[in-house]
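Enquirer: following is a predicted model, sequence given first.
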Amino acid sequence: MAVSRGRFNVLVLGACFFLCFFSFNTTQNFATTLNGTLGSLSLSLLYLCFSASNLFSATVVHKLGARMSLVLGGAAYTVFIAANIYVTPYTLMPASVIIGVGAAILWTAQGVVLAKSSSSSTIGSNSGIFWAMFQFNGVFGNLFAAVLIAIGIDSYVLFVCLTISSTLATVGFLLLKPLGTGEAEEAHDGAVEEGVGFK
């Protein structure tokens with residue numbers, strides 16, 4: 001059975017968020033263990049910037065379009081993860097600011113893509129698909145880290161692997177297909193409503 005363009009976008013969105021947060025959540029779990037007080041401060045700064053940036057993230061997404069906003073947000077996550085390969089205060093703290101701003105943009109754009117890839121009859125199932133794919137990151141991210149540590153792989157290799165995974169997610173957002181305004185695109189069992197296009 002052919003997959004509608006809207007459902008395809010939801011699957012791409014879910015897969016990319018899985019890879020991105022497979023990398024980020026694993027990195028975050030190690031932040032205070034490996035970096036002590038610096039790790040705690042970096043996370044505090046991250047979420048401070050995340051909270052403040054939500055005040056203008058919608059404007060950025062409107063200007064750039066949802067797809068490029070996802071790429072920008074994904075790149076911010078990749079910068080933060082890469083900063084953990086070789087940690088210094090001069091790289092980790094600026095990276096925390098970058099990801100804080102990028103996270104607000106990423107999650108705002110995620111909502112736009114999910115909503116605009118769905119009709120009133122598919123928004124529930126599409127949301128379920130996205131969140132199911134997303135939540136698996138917690139399972140596989142922790143298992144991945146546990147296996148690497150168990151076989152004696154050091155944190156440098158771990159964070160290089162996580163940086164690569166996040167990079168794949170960032171590039172993967174480019175696979176999202178635009179839905180033109182008023183396009184008669186059938187999304188599962190209903191048509192996408194007019195005015196739902198995104199760049």
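Expert: Right, received. Where do you want to start? Model, not experiment: these values are computed from the prediction.
Enquirer: what about residue 37, neighbour count?
Expert: Counted with other Cβ atoms under 10 Å, residues neighbouring residue 37 total 8. Just so you know, the C-beta spots here come from the backbone N, C-alpha and C atoms, and that holds for glycine as well.
Enquirer: and the helix of greatest length in the chain, how far out from the chain middle?
Expert: Criterion DSSP state H: the longest helix present in the chain is helix 5-53. With Cα atoms, centre = their mean, to the nearest Å as the basis, helix 5-53 stands 7 Å off its chain's centre.
Enquirer: just to check, residue 93 is in contact with residue 44?
Expert: No: counting by Cβ atoms under 8 Å, residue 93 stays clear of residue 44, with 10.5 Å between them.
Enquirer: comparing those two, which shows the higher neighbour count?
Expert: Under the neighbour definition other Cβ under 10 Å, residue 93 and residue 44 were set side by side, and residue 93 has more, 16 against 11.
Enquirer: packing partners of the helix or strand containing that one?
Expert: Following DSSP states H and E, one finds residue 93 within helix 89-116. Packing contacts for helix 89-116, counted by 3 or more Cβ pairs under 8 Å, 6 or more residues apart in numbering; DSSP states H and E, involve helix 5-53, helix 57-64, helix 66-83, helix 123-150.
Enquirer: what comes up buried for it?
Expert: Neighbour-count burial for helix 89-116 flags 91-93, 95-110, 112-114, 116 (criterion: 16 or more other Cβ atoms under 10 Å).
Enquirer: cool, and stretch 141-149?
Expert: Neighbour-count burial for stretch 141-149 [16+ other Cβ under 10 Å]: 141, 144-145, 148.
Enquirer: tally of neighbours for residue 67?
Expert: Counted with other Cβ under 10 Å, residue 67 comes out at 21.
Enquirer: who's in contact with residue 9?
Expert: Neighbour list for residue 9: 113, 117, 176-177, 179 [criterion: Cβ atoms under 8 Å, 6 or more residues apart in numbering].
Enquirer: could you redo the last one with a cut-off of 10 Å?
Expert: Neighbouring residues of residue 9 by Cβ atoms under 10 Å, 6 or more residues apart in numbering: 3, 66-67, 113-114, 116-118, 126, 130, 175-179, 187, 198.
Enquirer: distance of the nearest residue to it once chain neighbours are set aside relative to residue 43?
Expert: Take residue 9 and drop its neighbours on the chain: the residue closest to it by Cβ to Cβ, 6 or more residues apart in numbering is residue 117, 4.1 Å away. Counting by Cβ to Cβ, to the nearest Å, the gap from residue 117 to residue 43 is 32 Å.
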